[in-house]
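Peer 1: let me see the structure of the following:
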Amino acid sequence: MLEKYMEIKEEVKNALNEKKPVVALESTIIAHGMPYPKNVETALEVERIIRDRGAIPATIAILDGKIKVGLSKEEIEYLGSAENVSKVSRRDLPFIVAKGLNGATTVASTMVVAKMAGIKVFVTGGIGGVHRGAEESFDISADLQELAKTSVAVVCAGAKSILDIGLTLEYLETFGVPVVGFKTDEFPAFFTRKSGFGVDYNVDSEEELAKAIKTKWDLGLDGGIVVANPIPEEYEMDIDIINKAIAEALSEAEEKGIKGKKVTPFLLENVKEKTGGNSLESNIRLVYNNALVGANLAIELEK
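Peer 2: Okay, the predicted model is just below:
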């Protein structure tokens, strides 16, 4: 049945059949997260990092209504430059596929497709979460519910600091999602290594992490796991500068009435402008760092 809707790239299919490590990658970061051509360069470099470590990258997207697990260089180029690409979360998947449209997958929908394909590890920049002011707006990312029910390990640099990180962690705790710091006791805040909030567990190696994840799923404890991997120290931003830029961007979003799935792209673009492009460079570097840990984790899990 899935073959009607999903196409797995030959390289990825062979790796899965031969029990070789595979790492899923989202496509929203390509279509909506960075300007062209930086988005395409970053996506291709992330794939190269994963390959160099000995794992196979599987960038996920929807092209002409077909769910693609693994993209060609030309397809990544198209995603990065096309204007008719929808931002696709779980709720959007059936409609974008049924209508034969193009779509870039978020954290939630990438997890859904990765699980369908049998991929255990997914690398992204940062997870979505509870938005500031959610006690009134109820604006909570679908990523969090996906983490609660879909058994995929998500390697990220924490949650974007445009969110309410405290409430995001409370939400994950309520739904039994382990938040694990990779070589850190503190939950990272995407652009910065520190958020002021702790993690549930601190692991020092991908091997230790793989054992815990395997145990979780062997025990029948379905659901994902957040692997919080801080941005490398040399690329983190000054916390005061980033917080000031975020506060100003949030104020502008409210003034302009920007809501729903348009909020995050607006805030990230706004913060990038206010920091003279420094936030974009930090974003790219943290994704590279996550790709390295994700590839190592996928290798350890297959062992």
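
Peer 1: buried sites along the helix or strand harbouring residue 255?
Peer 2: Per DSSP states H and E, residue 255 falls inside helix 239-256. By neighbour count on 16 or more other C-beta atoms under 10 Å, the buried set for helix 239-256 is 239, 241-242, 245-246, 249-250, 253. In this view, the C-beta of every residue, glycine as well, is placed from N, C-alpha and C.

Peer 1: same question for stretch 21-37.
Peer 2: Quick answer for stretch 21-37 (16+ other C-beta under 10 Å): 21-34.

Peer 1: could I get those residues as TSV with distance to residue 116, pLDDT and secondary structure?
Peer 2: Shown next, in TSV, are these (distance: C-beta to C-beta, whole Å; pLDDT from 0 to 100; DSSP: H, G, I helix; E, B strand; the rest coil):
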residue	distance to residue 116	pLDDT	secondary structure
21	18	98	coil
22	13	98	strand
23	16	99	strand
24	11	99	strand
25	15	98	strand
26	15	98	coil
27	16	98	coil
28	18	96	helix
29	20	94	helix
30	20	97	helix
31	21	96	helix
32	22	91	coil
33	23	86	coil
34	26	90	coil
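
Peer 1: what's the most distant pair in those?
Peer 2: Farthest pair in these (C-beta to C-beta) is 21 and 32. Separation: 27.7 Å.

Peer 1: which residue of this structure lies farthest from its centroid?
Peer 2: When each C-alpha in the chain is compared with the mean C-alpha position (C-alpha atoms, centre = their mean), residue 255 comes out farthest, at 28.2 Å.

Peer 1: separation between that one and residue 120?
Peer 2: 43 Å (C-beta to C-beta, to the nearest Å).

Peer 1: what residues are up against residue 118?
Peer 2: residue 16 (C-beta atoms under 8 Å, 6 or more residues apart in numbering).

Peer 1: do the same with residue 293
Peer 2: 123, 155, 182, 206, 227, 229.

Peer 1: now residue 285, nearest residue through space, not along the chain?
Peer 2: Spatially, and ignoring its direct neighbours in sequence, residue 285 is nearest to residue 235 (3.9 Å; C-beta to C-beta, 6 or more residues apart in numbering).

Peer 1: and the helices in the stretch 1-150 of the chain?
Peer 2: Assigned by DSSP state H, counting those that start in this stretch, the stretch 1-150 of the chain shows helices spanning 10-17, 28-31, 38-53, 73-81, 93-98, 107-117, 134-137, 142-149.

Peer 1: tell me the mean pLDDT for the longest one?
Peer 2: Pointing back at helix 38-53 there. Mean per-residue pLDDT for helix 38-53: 98.

Peer 1: swap in the fifth one?
Peer 2: The average pLDDT for helix 93-98 rounds to 98.

Peer 1: quick one: residues contacting the closest residue to residue 19 other than its chain neighbours.
Peer 2: Spatial nearest neighbour of residue 19, chain neighbours left out: residue 302 (5.8 Å); criterion: C-beta to C-beta, 6+ apart. By C-beta under 8 Å, 6+ apart, the contact set of residue 302 is 19-21.

Peer 1: ok, now with 10 Å
Peer 2: 15, 18-22, 55, 120-121, 210 (C-beta atoms under 10 Å, 6 or more residues apart in numbering).

Peer 1: just the buried positions in stretch 95-115, please.
Peer 2: 96-97, 101-115.

Peer 1: what is the end-to-end distance of it?
Peer 2: End-to-end distance for stretch 95-115: 19 Å, by C-alpha to C-alpha, to the nearest Å.
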